[in-house]
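S.K.: Output the structure for:
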Amino acid sequence: MFVDVKIHGKPIRAMIDTGATHNYLASAEVERLGLVLEKGVGRVKAINSAAQPIAGVAKSVLIKVDVYEARPTFLSW
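M.R.: Purely as a prediction, here's the structure:
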């Protein structure tokens, strides 16, 4: 399901997966949104793709969906 949300105060169209174990943002979106990445260790692998090292971790990022607010952590590749 795709929804319009605000991340770090900026609009973005996001895919919501209520069964996901992690939250991900592409590095281009991290830059556009002005997020700060901390060093991260690990790799990200999607179906039918090779594992990619993560670029970093953005912690406690403010996300708003309508009136709902949360501060999840995002992994970036």
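S.K.: Burial check on the spatially closest residue to residue 29 that is not a sequence neighbour, number of neighbours?
M.R.: Nearest residue to residue 29 in three dimensions, chain neighbours excluded: residue 12, at 6.9 Å (CB to CB, 6 or more residues apart in numbering). (Glycine included, C-beta is placed from N, CA and C.) Other residues lying near residue 12 total 15 when counted by other CB atoms under 10 Å.
S.K.: Touching, residue 12 and residue 5? I think so.
M.R.: Yes. Residue 12 is in contact with residue 5 according to CB atoms under 8 Å; the separation is 5.9 Å.
S.K.: For residue 9, give its distance to residue 23.
M.R.: Going from residue 9 to residue 23 by CB to CB, to the nearest Å gives 17 Å.
S.K.: do the same with residue 15
M.R.: Taken as CB to CB, the span from residue 15 to residue 23 is 10 Å.
S.K.: Of those two, which one has the most company?
M.R.: Between residue 15 and residue 23, counted using other CB under 10 Å, the more crowded position is residue 23 (16 against 9).
S.K.: shouldn't that one be in contact with residue 75?
M.R.: Yes. The criterion here is CB under 8 Å, and residue 23 meets it with residue 75 at 7.0 Å.
S.K.: Most distant residue from the centre of the protein?
M.R.: residue 48 (20.3 Å; CA atoms, centre = their mean).
S.K.: Three-state assignment for that one, please.
M.R.: With DSSP: H, G, I helix; E, B strand; the rest coil as the basis, residue 48 sits in coil.
S.K.: List the buried residues in stretch 63-77.
M.R.: When burial is assessed from 16 or more other CB atoms under 10 Å, stretch 63-77 yields the following buried residues: 63, 74-77.
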